[in-house]
Every structure is written in C-alpha cells, then in structure tokens.
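Peer 1: need coordinates for the below:
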Amino acid sequence: MADIPLPQAFPQAMRRLIGHCTVITAGAGDDRSGLVVTSGISLSADPPQVLFCVNRGSSTWPLLARHGCFGWSALAAEHEEVAKRFAGFGGVKGPDRYAEADWITDVTGALLLSDAAMTLDCEVAEMIDRDTHSIVIGRVRAVRLRDDAGALAYWNGQFRSIPA
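Peer 2: Down below sits the predicted model:
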C-alpha cells in the first residue's frame with residue numbers, strides 16, 4: 001500500500017465503498033435543487049426515519065431547512081443520466097436537474113422520481129451541523145416501491161447498473 005497523506009487518502013478510500021445512488025430533492029418551483037447521495041441509510045423503523053449527509057455549501061442545503069421536507073428517490077438501474085444531472089455533471093444546476101424525468105408528489109409535496117426503485121416522502125426532523133456537512137434526519141411520511149427496478153450503484157468513481 002502506498003503511503004498517501006490523509007487529506008488525499010481519505011477521499012480515495014471513500015470511493016472504495018459501494019453506495020446506492022439516491023436523489024434527494026428539495027424545494028419547489030424555481031426554488032428547488034437536489035443532489036445525489038450514496039450514503040443514505042435507515043435510522044429507525046418505528047417511527048420510520050432515514051438519514052443522509054449534505055455539504056453545507058450545497059445548493060440543496062438551505063432548501064431543506066426553508067421547505068422542511070425532501071424527496072428520497074432510490075435510483076433504478078436505468079437512471080445513470082438522472083444521477084449525472086443531480087451530481088452536477090456538465091454544470092447542470094437547480095431546477096434544470098429535473099429535466100428529462102417524470103416527477104410526482106405524495107404527502108409533503110416534495111418531488112419524487114416516478115419510476116424510481118423506491119421513494120420516500122420525508123419531513124425534515126432534524127439537521128445536525130458537523131464541520132463542512134449537516135446530518136439530515138428525515139421522518140418518512142410515505143413510501144412507494146417498484147419491484148422490477150434493479151439499482152444504480154456508485155463505486156470507485158463510476159456509476160454501475162445492477163439489474164433486477
């Protein structure tokens with residue numbers, strides 16, 4: 001193993017963790033954005049809660065507090081282009097990230113990808129600031145499932161489709 005300084009080694013190490021690609025959406029109308037997270041997890045089943053981390057410099061971060069809700073769309077195997085838009089590839093920002101996909105709403109009004117592997121409609125329960133990021137805890141208000149979706153994963157700097 002190479003002796004790499006910690007500031008360079010840590011991001012390289014994190015790329016070695018496989019993560020399911022999830023689009024987090026926040027806001028409404030022209031005041032909306034979103035991002036891809038690969039480390040969203042279940043926090044509790046009773047009550048149903050999830051958590052993810054977001055950089056406080058992200059365009060999505062202030063929308064979470066301002067609107068108080070978010071959509072959680074676990075990407076299906078065929079959603080690489082959606083993932084690229086929400087990851088900001090090509091400089092795509094804000095409402096433009098929602099182009100070329102179909103969106104629905106449920107209880108809170110947050111946007112959910114209509115053909116996602118699964119969606120969670122969430123209220124922001126808490127945001128805990130830690131250094132450059134916030135830990136966002138969401139209270140799940142509604143769930144939608146798609147059985148034939150497969151999954152989109154991210155590993156070692158590349159998106160990878162996993163068939164159903």
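Peer 1: beta partners for residue 27?
Peer 2: residue 32 (DSSP bridges).
Peer 1: just confirm it contacts residue 69, I think it does.
Peer 2: No: Residue 27 lies out of contact with residue 69 (C-beta atoms under 8 Å); the separation is 9.5 Å. Any C-beta I mention is one placed from the backbone N, CA and C, and that applies to glycine too.
Peer 1: by mean pLDDT, which helix or strand of this structure comes out lowest?
Peer 2: Confidence across the helices and strands of the chain bottoms out at helix 6-14, with a mean of 87, counting by mean pLDDT, DSSP states H and E.
Peer 1: next secondary structure element downstream of that one?
Peer 2: Next in sequence after helix 6-14, counting helices and strands by DSSP states H and E, comes strand 19-20.
Peer 1: that next one packs against which elements?
Peer 2: In terms of contacts (3 or more C-beta pairs under 8 Å, 6 or more residues apart in numbering; DSSP states H and E), strand 19-20 is packed against strand 151-155.
Peer 1: can you tell me what sits against the helix or strand that the strand it packs on is followed by?
Peer 2: Next along the chain after strand 151-155, taking DSSP H and E as the criterion, comes strand 158-162. For strand 158-162, the surrounding residues in contact (C-beta atoms under 8 Å, 6 or more residues apart in numbering) are 21, 77, 78, 80, 83, 84, 150, 151, 152, 153, 154.
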